[in-house]
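> sequence and predicted model, in that order:
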Amino acid sequence: MDWAAMPREATARIERMLGSPVAHAISQRGGFSEGLAARVRLENGKRAFIKAASSLMAPAEADFHRREIAVSEQLPGEVPAPRLLDAYDDGTWVVLAFEEIPGQLPAQPWRREELNRVLAAVTDMAEVLTPSPVNEAILSRPRFGGWLAMAHDAAVRGKVGELSPWAGHHFGRLAALEENASLHGATLLHGDLYPFNIMLTADRVFVVDWPHAWVGPRHCDAVTLISSASLSGLDPQPIAENHPLTRDLDPVQLNEVLALHAGFLLRTAAGAGPDADPHLIAMMTALGLASLRWLRRRMGDVGG
């Protein structure tokens, strides 16, 4: 949604919240979410990043925004996340105003120097967020798992088997990894840590968009991020073997996260309806298959 398409009563409320009229707004075209995302410059010279969604037009996104408000209000200042300046929820419009980060997304395919910077920041973030400083009652469930649910949905299971014949042939092994997986832990995890939720400045790494945060094992964000590196032609295995959050893991624990990650992404993509965003579905499919390829290699099954 463009700033100009926002109802005037909503933009006026935003301006009152920020304490100055908006002189210039640049809507951000990337991402997969409905609603407004805009960088604004105010008449008083200050800047902000605005996110907004309507409960009437995009109810799921509005609920994500409500959760992100609650999480952002409790994040410690040491967390590399944009500072929430203000927010409001009038029952229809949910609006968040963050400090503007004068940075950019990491280059894709990954540049190794940028990936190393981000992985170092993930390590630091896990230290700051253990134990979790956020009330677990406001958090979402981890977006993990799907093989057990697919056991009762032949249509979706069949579509996933078309995407990955190996998964179709080894469904029982994948379901067993999910069934036996432990997600006990005390770390606040981002829960959606991919390149499109990272901003880089000249000297800092920022992690944005926190509505899917959850509490669990400190290695989970690192594993999902490392798994995405294969889409850039990088081998995730040596990265994991050298990263502080993953190098000492029991191999089964890493396999469990990869299975849970792939199951969620592929089940969601395969079960999406005709109105789903095709770019979102393609992204989820690519990330899910990347996790499966890494898991398949780790399990020593190069054939089938």
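Cool, the structure landed. Please read these numbers as outputs of a predicted model, since none were measured by experiment.

> from residue 250, how far off is residue 172?
Noted for residue 172: a distance of 21 Å to residue 250, by Cβ to Cβ, to the nearest Å. Placement of C-beta: from N, CA and C, glycine included.

> and what of residue 286?
According to Cβ to Cβ, residue 286 and residue 250 sit 28 Å apart.

> and whichever strand or helix holds residue 40, how far out from the chain's middle?
For residue 40, the host element (DSSP states H and E) is strand 36-42. Going by Cα atoms, centre = their mean, to the nearest Å, the spacing between the C-alpha centre of strand 36-42 and its chain's C-alpha centre is 22 Å.

> C-alpha coordinates for it, CSV please?
Presented in CSV, the C-alpha positions along strand 36-42 are these (Å, rounded to 0.1, in the frame of the first residue of the first chain):
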residue,chain,number,x,y,z
LEU,A,36,1.8,0.0,4.5
ALA,A,37,5.6,0.1,4.9
ALA,A,38,7.1,3.5,4.3
ARG,A,39,10.0,5.7,5.1
VAL,A,40,8.8,9.2,6.1
ARG,A,41,10.5,12.5,6.6
LEU,A,42,8.6,14.9,8.8
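
> mind giving me the packing neighbours of that strand?
Helices and strands touching strand 36-42, by 3 or more Cβ pairs under 8 Å, 6 or more residues apart in numbering; DSSP states H and E, are helix 8-18, strand 22-27, strand 47-54.

> what angle separates the second one from helix 8-18?
Same thing as strand 22-27. 110 degrees (axes from the mean of the first three to the mean of the last three Cα atoms, to 10 degrees).

> partners of strand 22-27 in the sheet?
Based on DSSP bridges, the strands next to strand 22-27 in the sheet, each with its direction, are strand 36-42 (antiparallel).

> just want the angle from the partner strand to strand 47-54.
150 degrees.

> need the residues that contact strand 36-42.
Here strand 36-42 makes contact (Cβ atoms under 8 Å, 6 or more residues apart in numbering) with 1-3, 6, 15, 18-28, 31, 47-53, 100.

> pull out the buried members of those residues.
Neighbour-count burial (16 or more other Cβ atoms under 10 Å) is assigned, among the contacts of strand 36-42, to 1, 3, 6, 18, 22, 25, 27, 48-53, 100.

> and the strands in the protein?
22-27, 36-42, 47-54, 84-89, 93-98, 187-189, 198-200, 205-207, 214-216 (DSSP state E).

> please render those strands as JSON lines that adds distance to residue 290 to the earlier fields.
Converted to JSON lines, the strands of the chain look like this (distance: least, Cβ to Cβ, whole Å):
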{"stretch": "strand 22-27", "distance to residue 290": "30"}
{"stretch": "strand 36-42", "distance to residue 290": "26"}
{"stretch": "strand 47-54", "distance to residue 290": "28"}
{"stretch": "strand 84-89", "distance to residue 290": "32"}
{"stretch": "strand 93-98", "distance to residue 290": "30"}
{"stretch": "strand 187-189", "distance to residue 290": "19"}
{"stretch": "strand 198-200", "distance to residue 290": "17"}
{"stretch": "strand 205-207", "distance to residue 290": "20"}
{"stretch": "strand 214-216", "distance to residue 290": "21"}
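
> most packed of the ones you listed?
When these are scored by mean count of other Cβ atoms under 10 Å, the highest mean neighbour count falls to strand 187-189 (a mean of 26).
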